[in-house]
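Asker: The amino acid sequence is not available; the structure is as follows:
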């Protein structure tokens, strides 16, 4: 039993490390995404996040890091960020009245404005509600940063900037996305020291 657990643990760690290591080849895309977010905030914009399941949790986590702080000892003002995954009354009402694919796009239509940024997270890159939110953003002057899996997808094709978690399975892709989100928050945060 112990040997089987050890093998499972090592295998899971190796897969996650491989996915995270693949981000090194996407430094330019990560820097571009951070620049889009910083420019938006400097211009009075808001950073919106959306995702399903674990990516919904990642959305809330990243928004909290920007509104609060990353914990790196940097003194800066709270930054405007909203996770579109948190308002259960809005989500269930929209899903009931307009369909599940509209849960994020309709919130973005109500709250977003030109110059904002949507960080759209989907390990598959084909989630209908995430794509619909990105398509709304495209037509509303809202920049789209897509965090997706290893392949080019409908979501990555709608994005101004796409970052790929090149993992072999959903948990590894999500591990890479979590690292990207922390890096983005750190890059953005450092631009607002004492501002």
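Answerer: Nice, thanks for sending it over. These numbers were taken from a predicted model, which means no experiment stands behind them.
Asker: mind listing the strands for this protein?
Answerer: Secondary structure of the chain (DSSP state E): strands at 47-50, 81-83, 117-121, 143-148, 161-164.
Asker: do you know which of the ones you listed lies nearest residue 130?
Answerer: Nearest of the strands of the chain to residue 130, taken as C-beta to C-beta: strand 117-121 at 5.0 Å. C-beta coordinates here come from the backbone N, C-alpha and C atoms, glycine included.
Asker: Which strands or helices does the closest one pack on?
Answerer: If you count contacts as 3 or more C-beta pairs under 8 Å, 6 or more residues apart in numbering; DSSP states H and E, strand 117-121 packs onto helix 27-42, strand 47-50, helix 54-67, helix 128-139, strand 143-148, helix 170-190.
Asker: mind putting these in JSON lines, distance to residue 91 included?
Answerer: Shown next, in JSON lines, are the helices and strands packed on strand 117-121 (distance: least, C-beta to C-beta, whole Å):
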{"stretch": "helix 27-42", "distance to residue 91": "24"}
{"stretch": "strand 47-50", "distance to residue 91": "10"}
{"stretch": "helix 54-67", "distance to residue 91": "10"}
{"stretch": "helix 128-139", "distance to residue 91": "10"}
{"stretch": "strand 143-148", "distance to residue 91": "20"}
{"stretch": "helix 170-190", "distance to residue 91": "21"}
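Asker: Turn these into CSV, including distance to residue 77 and mean neighbour count.
Answerer: CSV is the format used below for the helices and strands packed on strand 117-121 (distance: least, C-beta to C-beta, whole Å; neighbours: other C-beta atoms under 10 Å):
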stretch, distance to residue 77, mean neighbour count
helix 27-42, 10, 18
strand 47-50, 14, 28
helix 54-67, 10, 20
helix 128-139, 25, 21
strand 143-148, 22, 27
helix 170-190, 10, 21
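Asker: Select, out of the ones you listed, the one closest to residue 102.
Answerer: When these are compared by C-beta to C-beta, helix 128-139 sits nearest residue 102, at 6.4 Å.
Asker: from the chain's centre, how far out does the closest one sit?
Answerer: Here helix 128-139 is found 14 Å from its chain centre; the criterion is C-alpha atoms, centre = their mean, to the nearest Å.
Asker: what about the closest residue to residue 107 other than its chain neighbours, distance to residue 21?
Answerer: Of all residues not flanking residue 107 in the chain, residue 84 sits nearest, at 4.8 Å (C-beta to C-beta, 6 or more residues apart in numbering). Using C-beta to C-beta, to the nearest Å, residue 84 is found at 30 Å from residue 21.
Asker: Tell me which of these two has more neighbours.
Answerer: Neighbour count, other C-beta atoms under 10 Å: between residue 84 and residue 21, residue 84 has more, with 27 against 11.
Asker: What pLDDT is listed against the more buried one?
Answerer: What the model reports for residue 84 is a pLDDT of 98.
Asker: which residues touch it?
Answerer: Contacts were defined as C-beta atoms under 8 Å, 6 or more residues apart in numbering; by that measure residue 84 touches 48-50, 59, 103-104, 107-108, 133.
Asker: For those, could you give me JSON lines that also reports distance to residue 152 and pLDDT?
Answerer: Below are the contacts of residue 84 laid out as JSON lines (distance: C-beta to C-beta, whole Å; pLDDT from 0 to 100):
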{"residue": "48", "distance to residue 152": "23", "pLDDT": "98"}
{"residue": "49", "distance to residue 152": "22", "pLDDT": "98"}
{"residue": "50", "distance to residue 152": "20", "pLDDT": "98"}
{"residue": "59", "distance to residue 152": "22", "pLDDT": "98"}
{"residue": "103", "distance to residue 152": "25", "pLDDT": "98"}
{"residue": "104", "distance to residue 152": "21", "pLDDT": "98"}
{"residue": "107", "distance to residue 152": "27", "pLDDT": "98"}
{"residue": "108", "distance to residue 152": "23", "pLDDT": "98"}
{"residue": "133", "distance to residue 152": "19", "pLDDT": "98"}
